[in-house]
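Asker: coords please:
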Amino acid sequence: MIIIFASCNASRYIADDQSLVKKVKLEGVDKQYLETALTFVQNDIRQNSRLNLALYNTFNTKNGKYRTDRIKSIGEAPHLLDSSLVEISRVQIEKFLATKGYFDAKVQSQIKSEKQKSVIIFTADQGPEFRIRDINYEIEDTTVAALYFSKKDQFSRLKKGQRFDSDSLAYEREQIYRLLKSNGYYDYVRQYVRFDVDSNLNSSAADLKLFLSNPADKPAHQTYTIDNSQVTILKSNGLTDLINPDTVTLDSQFSFIDHSGKFDAKPIARYMFLKKGNLYSIGNEELTYDRLYDLNVFRNLKIDFVKASDSTNRLRPVYEISPLKKMSNRIEGEYTFNAGRNGFNIGNTYTNRNVFGGAELLEVKAKYGVIFDANAQGSFLDRIFSRDLQLGVNIVTPKLLVPFRIPVMGKNGVPHTTISSNFQLFDQRQAFSSRVFVNSITYDWVETKTKLHSFTPVNIEFRKGKLDPVFRDSLEQRGFELYVRTNDRQFFNLGSQYAFTLNGVKLNSYSNFWFFRGTIDMAGNSLGLLNQIVKFKQDADGYRKLLGLPYQQYVKTEIDLRYYRSFGGERQFVARVNPGVGIAYGNSDQLTFEKNFFAGGSSGVRAWQARTLGPGNYNRAVLGSDGKADTLRLNLRNLDQLGEIKFEANLEYRFKIADNILNAKVKGATFADFGNVWRREKAVENPGGEFRFNKFIGQLAMGVGAGLRFDLNYFVFRLDAGFKVKDPQFTGSDQYVIKYLFNKKDFKQEYKTTHRPDVYRFVQYNFGIGMPF
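Answerer: Numbering: from 1, shown residues only. As a prediction, the model looks like this:
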């Protein structure tokens, strides 16, 4: 309300002979062209963003007037009426309509002013729509003509009978440029193509003629063939050695001069697609740029072409490459707070970008975090709720390391092999501790520009979980064997994982598309087959053992399906469903804690904190209301609200709020989220938490909310507020907790009594980096 008031009163700061543009209207234009036509209205007479104008008024007014000096670049200056800009806008809209086939279009402008506020109205009479009657071609070079006519049906948008559109002409010119530059015509430029339009016909028709001329003083266009390539790698500071290093010749076509002395020629040449003997192709040139930059070891790259001095029409590619600094170190820290807890994380990442000379990436990571419980009593150390230490080493190579020969797979993206080793040490006070050691090898490759595969053939995991003795006794007294079996045990895991992603490259666009990601995680199958032959030993509980530890057997799969719909500009609607299921079998009777699903969080049902929703109708009040129950509820936090089945769905509408607030583009979002997790079977630990088809819909939680996204180009900072609407832990009409939002004192007091130390929050705030999905 303050922002709206500040922006609405902007007219009091301007001079008496000035008028603030309140609104711009455009009438008489087809809906499909309306938004684009409005972009031809000059920026200085468009309606201000209320938020930006309010910010400008706050920082750039003094004594009831706008400042004339020391103006702060915050917000947006008022857009004042200017009749000359109105006329320029009118003419530009008229010209735009002509480019869309309305050659006789006329646009009139009208200004309505009252109390130093003006409304500008543009009214268009589009006239008849001109369509293409006939298309003729005049291409001087017969070889070029043959190439064009053999390929034009694959790209041309010029058809007889279609509406004339200058965008189609520009598209045709660009496609001809790409066609010729991809077939050896190195010297070809766009200006060789021009169009002639004859609209002096009856019946609103136009004749079109395409001209493709030859170079001046030449009878035809010339094709060029790639010759030997010269590659020079500079030092990271962009300089060369005073004494030239040795030249390495590879495959009789690449001559490498490495002044940095740190690169092996063969892995670099793998992604140079300008090959000797091939016709020059702009596509191969661009592909070489893309893939060499994708290696993430080069800062600058330039490819020049030198023509042969003889008449052989050969091009010699000359590469000049500046590498990034080989080593770097990054320290990160963050402060976290939520639900009466606060803490910090601090991490360090060491990176070596070219550890073996073939653009291999070495990362060594360390992270330590502590969470404090604000409600705990005692000393500083007594307030520690949990501690988490993570150590990891990754080696990433820009190729697939396999024991057999495969073709180069770099045309759609650089493939990678990641060898990873990670260790985690986690302790939750008076509850449990966990030690996890994971080793894996993963292959990532791009089938097409929109299809990404990730395959982990080997994932070896050692895990040791230990419950606090007192906590374990309390669980066993309650008969909560599920928590004991999943958290107080050691095991060995040998598994494989696969993920397929469709249209991941489109996530930052505003087009209409489907996104899909499917994952499958399996473990113990090969060991189960081997057990049929060698018969592994069993422990006291009947589990088969390998290396002295029980091995896991399970399968887990998850799907993330989304539909993105653009409404023009930066407005977008996203619909998402995210189901998943995990099944333990054979040598395992339960999924481990880490393999279970959870609901809530900043990318799920955002009205709930992560791991505080479900399973099913489970209500933590069943644990009791005495002191022992309160302690049990505290120690079980984040442990008891998991499940082997998951379903989440999201609806989100995104829109732009302002182009520049404190150097960030600000966007908004409104959303509705649905979802929950369930147990596959009935469990004493989670009464009401099992999945049943006839109860599925009634057990879905529902939240609504809104958020802001601050786009800083390099990353997006996100703030969402989610409001609980329907909470499945309650029964009947009491599930619709939204009715208590404005009369919540009694409700929250009763909840505190039955769920102590849990506190009910109707609103959940989520901070994050990047979009939620």
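
Asker: you'd agree His370 is up against Arg387?
Answerer: Rather than His, residue 370 is Val. Yes. Under the criterion of Cβ atoms under 8 Å, Val370 is in contact with Arg387, at a separation of 5.5 Å. Every C-beta, even on glycine, is put in place using the N, C-alpha and C of the backbone.

Asker: where are the low-confidence patches of the chain?
Answerer: For the chain, the stretches with pLDDT under 70 are 1-9, 201-202, 241-244, 336-340, 408.

Asker: okay, which residue is most central for it?
Answerer: In the chain, the C-alpha closest to the average C-alpha coordinate belongs to Leu507, at a distance of 5.3 Å (Cα atoms, centre = their mean).

Asker: tell me the SS of Arg435?
Answerer: strand (DSSP: H, G, I helix; E, B strand; the rest coil).

Asker: distance of the nearest residue to it once chain neighbours are set aside relative to Phe491?
Answerer: Spatial nearest neighbour of Arg435, excluding adjacent residues (Cβ to Cβ, 6 or more residues apart in numbering): Lys464 at 4.5 Å. The gap separating Lys464 from Phe491 is 8 Å, by Cβ to Cβ, to the nearest Å.

Asker: likewise for Pro407?
Answerer: 40 Å.

Asker: one step back: what about Lys464 and Phe491, which has more around it?
Answerer: Phe491 (19 against 14; other Cβ atoms under 10 Å).

Asker: which residues touch that one?
Answerer: 462-463, 549-552, 592 (Cβ atoms under 8 Å, 6 or more residues apart in numbering).

Asker: closest to Gln424 among those?
Answerer: If you rank the contacts of Phe491 by distance to Gln424 using Cβ to Cβ, Arg463 comes first, at 9.4 Å.

Asker: how far does the helix or strand that closest one falls within sit from the chain's center?
Answerer: According to DSSP states H and E, Arg463 maps onto strand 451-467. Its chain's average C-alpha position is 24 Å from that of strand 451-467, according to Cα atoms, centre = their mean, to the nearest Å.

Asker: can you give me the angle the following helix or strand past it makes with strand 451-467?
Answerer: Remark: after strand 451-467, the chain's next helix or strand is helix 469-478, criterion DSSP H and E. Here the directions of helix 469-478 and strand 451-467 differ by 90 degrees (axes from the mean of the first three to the mean of the last three Cα atoms, to 10 degrees).

Asker: residues in contact with the helix or strand that helix 469-478 is followed by?
Answerer: Downstream of helix 469-478, the first helix or strand assigned by DSSP H and E is helix 481-487. Residues from elsewhere that reach helix 481-487, judged by Cβ under 8 Å, 6+ apart: 432, 434, 465, 467, 472, 475-476, 589-593, 596, 636, 639-640, 683-685.

Asker: make it 10 Å
Answerer: 431-434, 465-467, 471-472, 475-476, 541, 584, 588-596, 635-636, 639-640, 642, 679, 681, 683-686 (Cβ atoms under 10 Å, 6 or more residues apart in numbering).

Asker: ranges for the strands of the stretch 351-500 of the chain?
Answerer: 361-373, 384-397, 416-428, 432-448, 451-467, 490-502 (DSSP state E, counting those that start in this stretch).

Asker: distance from the chain centre to the third one, please.
Answerer: To tie it back to what came earlier, the one meant is strand 416-428. 24 Å.

Asker: okay, now the sheet partners of it, with direction.
Answerer: Sheet pairing of strand 416-428 (DSSP bridges) gives strand 384-397 (antiparallel), strand 432-448 (antiparallel).

Asker: the last one versus strand 490-502: what angle between them?
Answerer: Angular relation of strand 432-448 and strand 490-502 on a 0 to 180 degree scale: 30 degrees, by the same axes, to 10 degrees.

Asker: returning to what we had before: quick one: the residue nearest to the centre of the chain from Thr612, how far?
Answerer: With Cβ to Cβ as the criterion, Leu507 and Thr612 are 28 Å apart.

Asker: same thing with Ala37?
Answerer: Taken as Cβ to Cβ, the span from Ala37 to Thr612 is 49 Å.

Asker: got the phi and psi for the closest residue to Phe155 other than its chain neighbours?
Answerer: Counting by Cβ to Cβ, 6+ apart, the nearest residue to Phe155 once its immediate chain neighbours are dropped is Gln175, at 4.4 Å. Main-chain dihedrals, Gln175, degrees, to the nearest 10: phi -70, psi -40.

Asker: and what of Asp258?
Answerer: phi -110, psi 100.

Asker: not counting sequence-adjacent ones, nearest residue to it?
Answerer: Nearest to Asp258 is Ile233, by Cβ to Cβ, 6+ apart, at 4.5 Å.
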